[in-house]
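> Any chance you could fold what I've pasted below:
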Amino acid sequence: MKKIVDDLRLIYKCCDLYYTDQMTQQNICDSLGLSRATVSRMLKLGREQGIVRIEVINPIDFDYGKLEKDLERKYGLKEVIIVDNQPLDTNEDRIQRLSEASFEYLSHLFKDGDTIGLAMGYTLYNVANVKKQYEFDKQFLFVPLFGGISQTRMGKIDVQANQIAANFAQKFGGRYVQFLAPAVFSNEEVMKGFLQEKSVNYIYDYFKKLNSVVMGIGIPERGGSTMVSAGYIDERKLDEFVERGAVGDIALRYFNREGNTEPFREFNDKVASIPLDVLKKVENRVGIGGGVEKVNAIKGAIRAQFINILITDVDCAQKMLQ
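Numbers count the residues shown, from 1 in each chain. Model (predicted):
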């Protein structure tokens, strides 16, 4: 005698009621006079036998899902977001695509009540200035990851950490605090004494509450380094660090391709910034950087555990897998 669960007509009927008419399993039981276990089994058979085909559609207009998963597995990352590149894209086009994708991702990553740490630079400035709008239905607190007092401005745009925090608060809604200190001191002992002041060291309490950090990934390139433009380091010292193996900087700390910061302590130890051991404990550590020229810097940042979420472009992603 044929089992009821093998009846293709009935399997189709159950699947049609469930997926097309959106009836609950209990309503199907009542309608067809079947047990809950039988209906559940028929729905499973419908998928197994191809009567029901479930297709997952990516709501974002790119198809780099496999490439993203490959990068996540290879580098042990929590998440990778890859942005499309077009052959005729200008540098401005690439920056705009990366900035818009970063804005979209952060809009979903940030949760109501989050405390979010921010670095400095053009990358985050561009994210905060995309033309897309964010609905102010959540409250965030934005915290600069290092001091933002400097006499140097890069052209007409202020991309210091304190200003970036203000820009994000305006874009996403919420509040921001300031880190009222120079980003880089000339003397480590002077910095330590300064940071003991109550009017300054409150910032370290915020560092311990961070849910996410968002940082651009810099490279030690003459003429293209934000660190040089901001007056934090001169080109002679930058060249020296490159000779020692520096491949990138993040949160104003230089590191080599293995993620080691030790060769650059003479500079790194004079940075008024979130302690690296605290940074590595933040749940979501987002690094943004695109272009094949940043491959070694991104690898180093990952190996150092500075980032566990990467937003990059397809050229950089493909190079990282080679």
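> G259: neighbouring residues, count only.
17 (other Cβ atoms under 10 Å). Just so you know, the C-beta spots here come from the backbone N, C-alpha and C atoms, and that holds for glycine as well.
> how close does the spatially closest residue to it that is not a sequence neighbour get to A251?
If the residues on either side of it in the chain are set aside, G259 comes closest to A304, at 2.9 Å by Cβ to Cβ, 6 or more residues apart in numbering. When distance is defined by Cβ to Cβ, to the nearest Å, A304 is 11 Å away from A251.
> picking that back up, show the backbone phi and psi for the residue nearest to G259.
Main-chain torsions, A304, degrees, to the nearest 10: phi -80, psi -10.
> heads up, I number from 427, so please use that
In the new numbering, first residue 427, that becomes A730.
> Below-threshold pLDDT in the stretch 577-726 of the chain: ranges please.
For the stretch 577-726 of the chain, the stretches with pLDDT under 70 are 577-582, 648-650.
> how about the strands in it?
For the stretch 577-726 of the chain, strands defined by DSSP state E, counting those that start in this stretch occupy the ranges 601-602, 638-642, 672-676, 679-682, 710-714.
> For V721, find the nearest of those strands.
For the strands of the stretch 577-726 of the chain, the distance to V721 is smallest for strand 672-676, at 9.1 Å, taking Cβ to Cβ.
> Just want the most central residue of the protein.
V712 (2.8 Å; Cα atoms, centre = their mean).
> Assess the claim that that residue and L532 are in contact.
Yes. Shown here, V712 and L532 form a contact pair, counting by Cβ atoms under 8 Å, at 7.3 Å.
> okay, and the common contacts of those two?
A shared contact of V712 and L532, defined by Cβ atoms under 8 Å, 6 or more residues apart in numbering, is any residue touching both; here these are V640.
> Could you report the pLDDT at the residue nearest to G685?
Each residue has a pLDDT score; the one for A730 is 97.
> contacting residues around it?
Shown in contact with A730 (Cβ under 8 Å, 6+ apart): F681, G685, N686, T687.
> can you pull the contacts of the nearest residue to A554 once chain neighbours are set aside?
Excluding its sequence neighbours, the residue lying closest to A554 (Cβ to Cβ, 6+ apart) is N593, at 3.9 Å. Counting by Cβ under 8 Å, 6+ apart, N593 makes contact with L550, Y551, A554, N555.
> my guess is the first one contacts G642, does it?
Yes. With contact defined as Cβ under 8 Å, L550 reaches G642; the gap is 5.9 Å.
> what about the strands in the stretch 427-576 of the chain?
Using DSSP E, counting those that start in this stretch, strands in the stretch 427-576 of the chain cover 505-509, 541-544, 567-570.
> Would you single out the least confident of those strands?
The minimum mean pLDDT among the strands of the stretch 427-576 of the chain belongs to strand 505-509 (a mean of 94).
> returning to what we had before: give me the subset of the contacts of N593 that lies in helices.
Taking DSSP state H, the ones among the contacts of N593 that sit in helices are L550, Y551, A554.
> which residues does the residue nearest to the centre of the chain contact?
By Cβ under 8 Å, 6+ apart, the contact list for V712 reads Y531, L532, L535, S638, V639, V640, M641, I733, I735, L736, I737.
> What residues sit buried inside stretch 454-463?
For stretch 454-463, the buried set under the neighbour-count rule, 16 or more other Cβ atoms under 10 Å, comprises I454, C455, L460.
> now stretch 731-739
Neighbour counts using 16+ other Cβ under 10 Å place F732, I733, N734, I735, L736, I737, T738, D739 of stretch 731-739 among the buried residues.
> Show me which of those residues is closest to L469.
Within those, distances to L469 taken as Cβ to Cβ reach their minimum at I735, with 35.8 Å.
> I'd say that closest one and E709 touch.
No. In terms of Cβ under 8 Å, I735 does not count as a neighbour of E709; the distance is 9.9 Å.
> Dihedrals phi and psi, M746?
The phi and psi torsions at M746 (degrees, to the nearest 10) take the values phi -70, psi -20.
> What's the local residue count around it?
For M746, using other Cβ under 10 Å, the count is 22.
> Give the buried residues for stretch 701-710.
Using 16+ other Cβ under 10 Å as the burial criterion, the residues of stretch 701-710 that qualify are L702, V704, L705, V708, N710.
> taking those residues one by one, which sit in helices?
L702, V704, L705.
> what residues are up against the last one?
So that's L705. In this structure, L705 makes contact with L571, V639, A677, R711, F732, judged by Cβ under 8 Å, 6+ apart.
> swap in G574?
Applying Cβ under 8 Å, 6+ apart as the definition, the contact partners of G574 turn out to be M546, Q586, A587, N588, Q589, I590, A591, Q604, F605, A609.
> With adjacent residues omitted, what lies nearest to it?
Closest residue in space to G574, ignoring its immediate chain neighbours: N588 at 3.3 Å, by Cβ to Cβ, 6+ apart.
> Let me know how buried that neighbour is, in neighbour terms.
As a burial measure, N588 scores 24 neighbours (other Cβ under 10 Å).
> That one and N613, how far apart?
When distances are taken as Cβ to Cβ, N588 and N613 turn out to be 22 Å apart.
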